[in-house]
Every structure is written in structure tokens, then in C-alpha cells.
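S.K.: Just a sequence and a predicted model for now, questions to come.
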Amino acid sequence: MCGIIGYIGNKPANDVIFDGLTRLEYRGYDSAGIAVIDEGAIHVRKDIGKLRNIRRLLVDDFASSSSIGIGHTRWATHGRPSAFNAHPHGDCISSIMVAHNGIIENFMKLKKRLSDEGHEFKSETDSEVLAHLIESNYRGDFRQAVLDALKHVEGAYAIAVIHQKHPDEIVCIRKESPLIVGLGIEENFVASDVTAILQYTRQVVYLDNFEGAVVRRDGISFFNITGASVEKKAVQVDWNPVAAEKGGFSHFMLKEIFEQPQVIRNTIGGRTSEEEGKIYLEELKLTGPDIYRTQRIVIVACGTAYYAGCVGKYLIEKLVQIPVECDLASEFRYRSPLVDANTLVIAISQSGETADTLAAVKEAKSRKAKVLGIVNAKESSLTREVDGLVYIHAGPEIGVASTKAYIAMLTALTLLALMLGKIRSVLNSEFVKEKIKELKILPQQIERVLEKHDQIRELASIYKHARSFLYLGRGFNYPTALEGALKLKEISYIHAEAYAAGEMKHGPIALIDDQMPVMAIVTQSDVYDKTLSNLKEVQARSGCLIAIVTEGDSEIRHMTDHVIELPAVSDILSPIINVIPLQLFAYFVADLRGLDVDQPRNLAKSVTVE
Ligand code: G6P
């Protein structure tokens, strides 16, 4: 969603800020803007559209020698995408500029009050009230004006603010929406996420809720919402800036699909002992009694992370024999969920910033459940809310449609299930040893699937004009079908629906004809024969069938239009490999349709609002 970058240093501010904004593009946006202080005046440029189309406005025609400024990419919530609604937003006399992420819940009331006092608003946004509030609280002390303004604000915010009369500082502060400060040499940064500044510095301070900073060229002072100073420690971010580049691939999504073998190695790295049949998840922080006491597990997540959770349900129920429920975070938080101290809640999130997932965790904690996070982004908000963690080590994921984070989530869930199953004596060491061995060869097997990219591209060119797709899977691979359909609709805008293959005859079979391609996951498993029978029902109705099958399966060939063969793996690992051709298929369909694969319309990478 929205992105913020602030810069103060010795380089041209609008170059650095524009560069940072391009690195935030992946979050999804519809407009952008930059404000700088130059020779005692504030200059602001903003417009709708992609950065490449408004570069001239923001940089080339914005000749400025300024080395302090803020920038923002906006994803519309309050007010349509427009130049007026784009950030930064100013006060009545444009002496203050604010870039804001989050939502000001009481903005209507504040706007009315400020309007009655004579403030003139130029936009339809909630964010603009912040600039006017700071203006009306300004008595010469910039930081204090921001703090006093925020006393009136309800909602979530991460803000970076500049003031014409204070050309040597950026004031920033956060509540609920993430914000970081980056430390350079004679230059410092503010950003909503590390990818914006990775190319300049990896020394980062993560602000906690209600913490802020006055960022100057030569130093930073941290404070909290009461105005008291706070000590903050910088951490070295281990994400490599090169990991956030395309590295020769035409899109981030394709690069991230091809990174998946390495991502699995990273997720597993150092966490297994094949000799002893043991899994070590150090940040888990669950004690033996916690694990024995658990009577039920509830997984909460959104989007692709939710489908990873659905696979987690099958994994944990099979390997740990504890009942598992997987719930959409947005549903869980509002349905008075039945969780208590004997429930383990697992929250899964790539970004660790998804508003509904964070709210679900708070709900679970208020009901005394232990909460475990399966997270990619280090130091994200979720990592601070949970009792224990399993980092998935996928590295920065830039493509809006999640691929490598999904694979890493599945790998982490497999490790977790094996570990819990062993501790609860459901699994013996031999079984765990065998699965560790299989997990370790999985990356090579996935490399073989990736080599089939030309075949999958060919298939995509046949089906790129389809109007609708049905995805079918059973058991462990029902969630794979859900995730495959999600990938297709997210980036190619083709309607795709996934069904448990056995359920097809209860409705979607009515849709089957020669215009409705069916993508079926029918690799060898306990439910192979059952799935085959379901596919015969498709065949009997002239449906065109693409089947994801295990290498050497001759039975299925005569009844399908196309097959994609995958190396044989055991049931529990099959979702990790089976989704790969579905990711590639969605990618190629979208690319062949000429669509913006990495930033599909209307979508945001990290959904930080409800
Ligand atoms: C958005 C993204 C999805 C992602 C979901 C959950 O909808 O577009 O790709 O799966 O949020 O995000 P999270 O960061 O919590 O995994």
C-alpha cells in the first residue's frame, strides 16, 4: 500500500526520494508526490499514474538543489486517485508537508472543526487534516507541534513531516503503521520499509508504536509520544540490496519464482539434524508444557498466506494429530473466536504488517492464547506482537503476487509440523530423518520443474484468451488449487475459481464445456484415484483439461489435453512442488496478455488497512 520516504543529506533530495519511491512501487500505488525545502520555501510536485510517467514532473522538471524532502506513493482509500489527493499534503500556507500512511479514523470530525476555524482543505483525504492540525498547534517548536497535533488523532499513522521554518530536520512518528529510520554518513533517511533505502544503508532503527524521531543530517534524536527521549539501537539489515533488484529477469515475479529452490534451502538452513531426526526452530519460544497443553491450533492469515495456512492444517493434523482450524484473519477478528490458553494461534504473514492479521493476533492474545508468527519481514509489527516466531527467510519479495514467500511458508510449516509431531511422540526419529532428507532434495526437484518454463509458456499462449478457469485439487493439494487460481486472477485478470475436486459435482460441473479450461492437480497420492474419477467427469463433458501429474503417469495421458509432469515427492511435500507450474502458468498468461505482472491493478503488496 502507501509508501513513505524522507531524505536529509548531501545529495539532491528529489533524486534520492524518487529512487526510493521506485523501490516502494511494489507495494501498489496510484499516485505519488515529492516535497522538498529549497531556499526557505517548500516545493511540492504530485500526480496520478506510474512513476515512470510522472518522472519528468517529479525529477526532470523539478530543478532543485534541495537536500531535504519527503515523498509518498499513495494507494487510494479516502478519496479517489488524483493529483489533489496525492501526498504530501500541506497546511493552508504550504509551510508544512506531511506524508502519511494509515487511516485517521476521526478525520471527518477534525476536518469540520478545522474548517470552522478557517482552515482551507484542498483534498478529499483523511491525511490532510494532519498538516492543518500541525499548523494550528505550531508555536515555534516543530516537534512539539507534531506531538500536540497527534493528541487529537484517532487511527493509525506513520508520518514524515517537513516544515519550511525548520529546513534541517524531518520529524517522523508512528502508531500501528510501520516506519523506520535509516542511518547513513552525513545523510539519514525515513521510510515505511527497508527496501526503499537498502541501496543507501543497511543500518536501520525500527520505530515502535508511539515512537518518533527528529532526523537531521548529522544525527537523530528519538522520542516517544509524550515527548520523552528514548534510546534506540540500530540493527544491520541482512537483506542484500541486490536481492531487491530484477537481476536480468523481465519481472520480479519471474525472478522470485526462480529463486524458490534457494529460498527452500534458506528456510531449512541450520534448522535440521538429519542424523538425529531433529528440527530446531530457535525463535519459536514454545516450551514443552506449551506444546503438550495445546489442544487446538488456529491458523490466521490473509491472501496467499491464508492458503499456506490451509496446507498447514493438512500438515499439522496429519503429523501432529491436533485439530487445526484455518481462518481468514478478517473473519476471525470479528466472530468472537473460541480460543483460550490451550489454543495455539499461528499467524502467517510475509510482510508482518497486514492489518487484519495483526488485529486477529490481538484478539487471540486478549483471549489468552499463545501466538506464534510465521513471518518473512524481520522486525515487522507482527514480530513484536507474538510470543514466538518462525522466520521464513525468503528475502525481500517485490512482486505483488506472492510466490517465494508462499513456498517458504510451506517449508516452515513442514518443519514446524515435523518438530511438534516429534515432541508429541506422534512421529518417530526415522520418519523425521526421512522427511528431512526429502526436504533437502526438494530444491533440485524444483529446479527440474523450472526447466519446463518453455512448455508452460507454450501452454499459456494457448489459454491466454480464456475467460474463466477452474482449478481442481484434493487433500494437500486443494489449497494448491486455491493458490493457483488466486495467482491467475491476481495478475492476468482472468476469472479463476478453485474447488476441491470431489466437490465439483455439487455445482461447478454445470459450468464445464469446451470453453472452460480445467487445471487439475493430480499427482500421485492417497487421493489419486479419487481425483482421477473426478476428472473423468470433466472429460465426459468435453472440458479441456490440463493436468499436473507425477512423472511417468501413463494412465492420465489419454484423458487430458495437456500434462505437466513433476518429479515424485511424498504427499506432505507435494504442495511445495505442485504450485510451481501454476505460478509459472499465471506469470506467462499475464505477460503474454501484456499486463503489468509485478504491479497488478488495484492490488497492494502489504494491506495495512482493514
Ligand atoms: C495482499 C497481497 C498478497 C498477500 C496478502 C497477505 O493481499 O497482495 O500477495 O498474500 O496481502 O499479505 P501478508 O504480508 O500478510 O502475507
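M.R.: Yep, that arrived.
S.K.: Provide the strand pairings for the helix or strand harbouring Met97, with the direction of each partner.
M.R.: Under the criterion of DSSP states H and E, Met97 resides in strand 96-104. Strand 96-104 has the following sheet partners, assigned by DSSP bridges: strand 89-90 (antiparallel), strand 155-163 (antiparallel).
S.K.: Mean neighbour count, distance to Ser136 and mean pLDDT for those strands - can I get that in TSV?
M.R.: C-beta coordinates here come from the backbone N, C-alpha and C atoms, glycine included. TSV is the format used below for those (neighbours: other C-beta atoms under 10 Å; distance: least, C-beta to C-beta, whole Å; pLDDT from 0 to 100):
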stretch	mean neighbour count	distance to Ser136	mean pLDDT
strand 89-90	26	13	97
strand 155-163	26	14	94
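S.K.: and of those strands, who's closest to Gly49?
M.R.: With C-beta to C-beta as the criterion, Gly49 lies closest to strand 89-90 of these, at 18.4 Å.
S.K.: So what's the gap between that closest one and the chain middle?
M.R.: 28 Å (C-alpha atoms, centre = their mean, to the nearest Å).
S.K.: same thing with stretch 7-22?
M.R.: For stretch 7-22, the distance to the chain centre is 25 Å (C-alpha atoms, centre = their mean).
S.K.: can I get the CA coordinates of it in CSV?
M.R.: Taking Å, rounded to 0.1, in the frame of the first residue of the first chain, the C-alpha atoms of stretch 7-22 are listed here in CSV:
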residue,chain,number,x,y,z
TYR,A,7,15.8,12.2,3.0
ILE,A,8,18.1,14.7,4.5
GLY,A,9,21.8,14.7,3.5
ASN,A,10,24.1,15.9,0.8
LYS,A,11,22.6,14.5,-2.4
PRO,A,12,19.9,16.1,-4.5
ALA,A,13,16.8,15.2,-2.4
ASN,A,14,14.3,14.6,-5.3
ASP,A,15,16.7,12.1,-6.9
VAL,A,16,17.1,10.1,-3.8
ILE,A,17,13.4,10.3,-3.0
PHE,A,18,12.3,9.4,-6.5
ASP,A,19,14.7,6.4,-6.4
GLY,A,20,13.2,5.3,-3.0
LEU,A,21,9.7,5.7,-4.4
THR,A,22,10.5,3.4,-7.3
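S.K.: Buried by neighbour count: which residues of the next helix or strand after the strand holding Met97 qualify?
M.R.: Downstream of strand 96-104, the next assigned helix or strand under DSSP H and E is helix 107-116. Across helix 107-116, burial judged by 16 or more other C-beta atoms under 10 Å covers Phe107, Leu110, Lys111, Arg113, Leu114.
S.K.: Stretch 196-207 now?
M.R.: Ala196, Ile197, Leu198, Tyr200, Thr201, Arg202, Gln203, Val204, Val205, Tyr206, Leu207.
S.K.: gap between the two ends of it?
M.R.: One end of stretch 196-207 sits 16 Å from the other (C-alpha to C-alpha, to the nearest Å).
S.K.: try stretch 468-480
M.R.: Stretch 468-480: ends 18 Å apart by C-alpha to C-alpha.
S.K.: Just give me the closest of the buried residues of helix 107-116 to the ligand.
M.R.: Phe107 (24.4 Å; C-beta to the nearest ligand atom).
S.K.: hang on, the earlier thing: can you say which of the strands paired with strand 96-104 is nearest to the ligand?
M.R.: strand 155-163 (15.8 Å).
S.K.: Where does the chain get nearest to the ligand, which residue?
M.R.: Counting by C-beta to the nearest ligand atom, the chain gets nearest to the ligand through Gly303 (2.7 Å).
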